[in-house]
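# Return atomic coordinates for the entry below.
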Amino acid sequence: MKTKLSILLFFLLYITGGMTEIYSQVTIGAGEPAEKYATLQIRDKTSQSLNDLGGVTSEKGGLLLPRVELKKKDQLLPFATQDEVDLNNQAYKDAKIAHIGLIVYNLTEDASQDLCRGLNQWDGNQWNCFQYKMGNAIAVLGNCDSLLFLGQYQNGVSLKSENYMNIPLHVTKPGGYTISAKSDKDNGYYFTTSGIFLTTGYYYVSVPGAGTPNKHTTGTSGDLMKVNINGKEITGCEKYIDVIDSSKKASFLMNCLDIKVGGVYKVNYSLIASQHYIDVPLKVDSEALGSTYVLRTNEVDGISFSGEGLLTSVNQTVRLIGTGIPTNTKKKLMTITSNSTKSAAICEATIATSIPKKRILALGQGINNVANYQSGGNVLMNNPRAFGTLTSSIVASEGFEITSISDSIPPAATLESLLDAKPDIVIIGRVTHIRAEQAGYLSDYINKKGVVLLFSDGDGGEDAGSVGNIMRAVFGKTTIYQRRMHNGGVIYKFGMVNDEILNGPFGDVRTLYWGKDLSPTCGLEGIPSDKIDVYSYGFTPTRELIVNETESVTAFKHKKLNFIYVGDGGFFSYVPAIPVSPDKMPFRLEVGTLLPIERFRFGINKIDSRMNMMYSVCNSIFFANALAWAIKQAELNGINTP
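Predicted coordinates for the structure are as follows:
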C-alpha cells in the first residue's frame, strides 16, 4: 500500500507542478529498492538467494503494453496527427528522435507497409518488429503453369516425401514467409513450410505434404487446392489434386521395344520437365482401368525419371519426367520398373549426354583440309543429324570450333604456338609438310593426351617424308619408313579389330573396304606391331602385287595414345552426286540426310580392266566413327580433360 501511495503522490506532484525533478529509482510491485542500474523495476517477489539473482521475480503478472494499430512503417502514427506528419517541421523531426526506444504491441499485419503484428520498437526512423527484424516477405506467384503438386495421392495412403508442392515466387521484399496449401474440402492432407527469404529475386520453393487423404475424388476435377502466402490466398490460379481410389490395382505390361527418350542432355545442366522424359507404351488390362500406374528408373550420374497417374486406356503411352543434373558424358543405362501386379518385367532406356563443343586444329590444303567447305569431312562435321543436339543426332555433340591452316609447309613457330593453345583435336589432311622439328611438337602434343587424326599420302622420300617424321617422333624409333605405293582408285580391306572406329555409332566396316583417291598411298614399314591395332595393310585386290606391300601398314590406331593414321590425304574427297569415275571421290554421304554411307562401284583392276572389278568403300563411315571416338577421347581422356 505504501508503494502505491508513493507512486500516486509522484504523479500528482508531477501533474500539479509541485516538483520539477526527481532523482530516484522506483520498484513497482514490491517494497524494496530497485536494482542498481534500473530506473524502473517491476517485481512482486524477490529472488531466493544470491545464486538465484537471475531467477523468477514475478508470479502475478507482467507488463501490459499499450495495444495500437500502427499506420506507417516510418511515421509515429497514430500518436502524431496526420497534420504533424504532413507538415514535417522541426518539432516533429525532434519528436521522432526523442521517442527512440518507444515500444508498443501492434495489432496491424500489413505487408504492403512492412508492418508486423506483435512487439514493435521505434528506432528514430521506423518501427522494427521484435519477432523478426526483417518483417514478412512480399512475394507474388510466378507462372501459374509452374505451380505443381507432385506425387501420387490415394485415399487412406499417407503422403510421403515424393508428395510436395512446387511453387514459383517472385520475391520483391526479403523477410519471413509461411506457405501453405489445403483442399477446399479439407480432405485430410495439406502442405506447409516456412522460412526466410534473405534477398529479392525469383525462387522455386518445395513445400512438403503431410496427412492422409480421407476420400478419393470423383469426376474430372479433384480437390481444389487453396494456396496461401503469409496468410494471403493466391487467386487466379486454380490447381486440383486427383485422389485415386486405392482399392483398384494396376495391371499392365510395358512395351520395351517402342520406348522413346526425349530431350538433349548436357553436362552440368539441370533436366527440365517439359524437355527431358522417357515415353513408355503400356498394354493395360481392362479391369485395371481407373487404377494408378507408377513407373520409376534408377538414378545414374545424378539423374532419374519417374511418372505416375491414372490408367485410362488399354493402349496407353505414359511419360516419365527427368530430374537431376548429369555430371559426365558417359551413356547412362536407365532401368525402368513399375507397380504392375501382372509382371515384374523391367525395361531399359539409354540416355546420351552431349559432349561440349570441341576445338579442332585442321591442317592441309584445299578440299583435303577437313575444314574446307567442299570436304566431305566438313559437310559431315556440320551435319546436326550426325553430330548435334537434336533428339535424333547419332552422336550427341555441341559441335566444333575449327582453326584452319592451309599452308603446305606451316612455319615451325606457328605450329608450335597453335599446339601450345591446346586444341582438343588435330586433323591433318593431304600435302601438309611436317619436318622433324614440327613432328617433335606434334609428338609432344600427342604424348600430353592430345588427339590426332592423320590422313596423309606422304611427301618427300622415305627418310624425309612428313609421315615418316611424325612416326619416328611418336614411336621414338629411327627405323620407321614411309613407302609411297599404288595410284588412284585402289582399295584396302579393313581387318577384324572390334573397336569404336571399325565398329562404331555410324556402322560396322570390319572386313569391308576403304578407297584411295587419285594420288599414291603412304604405307609404313617398321611400326612396332605391339603398339598399334592395324586396320589395313598394303595389299589391294585391284592392283598388281608390289614388293613388301603385305607388310606395309596403311591404317592403324595407337593402343595407348590418342592417335589414328590412314595413308591417304584424299580420304575426304567428295561430291554430292555419285561421280562417274570409279577412281575418284571415295567419300559418300546420303542424299538428303547427309549421313555417311558406302560409296558403290569404286576401284579399277589394273591387270585387266575388262574384268571391271568394283567394290563398295566406307570412307565416310570410318571417318564418322573416328571423329566420334576423337571427341569422346578429348572429353574423357584428352589434353584438356580435368
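# what's the longest helix in this protein?
Ranked by residue count, the top helix of the chain under DSSP state H comes out as helix 619-637.
# Go through it and flag the buried ones.
For helix 619-637, the buried set under the neighbour-count rule, 16 or more other Cβ atoms under 10 Å, comprises 619-635. No exception for glycine: its C-beta is placed from N, CA and C like everyone else's.
# Same question for stretch 340-350.
For stretch 340-350, burial by neighbour count (16+ other Cβ under 10 Å) applies to Ser340, Cys347, Ala349.
# Show me this protein divided up by domain.
2-52, 67-129, 138-241, 252-354, 358-637 (automatic domain parsing).
# Now the fourth one: average pLDDT?
Taken as a whole, domain 252-354 has an average pLDDT of 91.
# what does the shortest one give?
Computed over domain 2-52, the mean pLDDT rounds to 62.
# all strands of the stretch 1-150 of the chain, in order?
Using DSSP state E, counting those that start in this stretch, the strands found in the stretch 1-150 of the chain span residues 26-28, 40-42, 67-68, 103-106, 118-122, 127-129, 138-141, 148-150.
# possible to save these as JSON lines with distance to Lys557 and mean neighbour count?
Putting these into JSON lines (distance: least, Cβ to Cβ, whole Å; neighbours: other Cβ atoms under 10 Å) gives the following:
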{"stretch": "strand 26-28", "distance to Lys557": "95", "mean neighbour count": "16"}
{"stretch": "strand 40-42", "distance to Lys557": "90", "mean neighbour count": "14"}
{"stretch": "strand 67-68", "distance to Lys557": "84", "mean neighbour count": "12"}
{"stretch": "strand 103-106", "distance to Lys557": "78", "mean neighbour count": "16"}
{"stretch": "strand 118-122", "distance to Lys557": "75", "mean neighbour count": "17"}
{"stretch": "strand 127-129", "distance to Lys557": "71", "mean neighbour count": "20"}
{"stretch": "strand 138-141", "distance to Lys557": "58", "mean neighbour count": "18"}
{"stretch": "strand 148-150", "distance to Lys557": "48", "mean neighbour count": "17"}
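# And those: which comes nearest Thr199?
When the strands of the stretch 1-150 of the chain are ranked by distance to Thr199, counting by Cβ to Cβ, first place goes to strand 138-141 at 12.0 Å.
# I'd like to know how many residues surround the nearest residue to Ile234 once chain neighbours are set aside.
Leaving out its chain neighbours, the residue that sits closest to Ile234 by Cβ to Cβ, 6 or more residues apart in numbering is Val227, at 4.5 Å. Using other Cβ atoms under 10 Å, Val227 has 22 neighbouring residues.
# what's the helix or strand for Val227?
According to DSSP states H and E, Val227 maps onto strand 223-229.
# Give me the buried positions along that strand.
Buried residues in strand 223-229, defined by neighbour count with 16+ other Cβ under 10 Å: Asp223, Met225, Lys226, Val227, Ile229.
# and the strands of the stretch 1-150 of the chain as CSV, adding distance to Ile532?
As requested, the strands of the stretch 1-150 of the chain are exported to CSV (distance: least, Cβ to Cβ, whole Å):
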stretch, distance to Ile532
strand 26-28, 99
strand 40-42, 94
strand 67-68, 89
strand 103-106, 83
strand 118-122, 80
strand 127-129, 76
strand 138-141, 64
strand 148-150, 54
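# so how far is stretch 614-630 off the chain centroid?
On the basis of Cα atoms, centre = their mean, to the nearest Å, the separation between the geometric centre of stretch 614-630 and that of its chain is 32 Å.
# and what of stretch 622-640?
22 Å.
# start to end distance for stretch 470-481?
Criterion Cα to Cα, to the nearest Å; first-to-last residue distance in stretch 470-481 is 10 Å.
# Look up the closest residue to the residue most central in space within the chain, ignoring the ones flanking it.
Centroid-nearest residue in the chain, with Cα atoms, centre = their mean: Tyr269, separated by 1.2 Å. Taking Cβ to Cβ, 6+ apart, and ignoring the residues beside it in sequence, Tyr269 has Ile325 as its nearest neighbour in space, at 6.8 Å.
# And the one you found, how close does it get to Ile427?
Counting by Cβ to Cβ, to the nearest Å, the gap from Ile325 to Ile427 is 32 Å.
# more neighbours, the two?
In this view Ile325 and Ile427 are compared by other Cβ under 10 Å, and Ile427 has more residues nearby, 29 against 14.
# tell me which residues in the host helix or strand of that one are buried?
Element membership for Ile427 (DSSP H and E) is strand 425-428. Along strand 425-428, the positions that meet the burial threshold by neighbour count (16+ other Cβ under 10 Å) are Ile425, Val426, Ile427, Ile428.
# so which of the residues you listed comes closest to Gly569?
Scanning the buried residues of strand 425-428 for proximity to Gly569, where the rule is Cβ to Cβ, the winner is Ile428, at 8.6 Å.
# The closest one touches Ile446, doesn't it?
No - taking contact to mean Cβ atoms under 8 Å, the distance of 11.6 Å between Ile428 and Ile446 leaves them out of contact.
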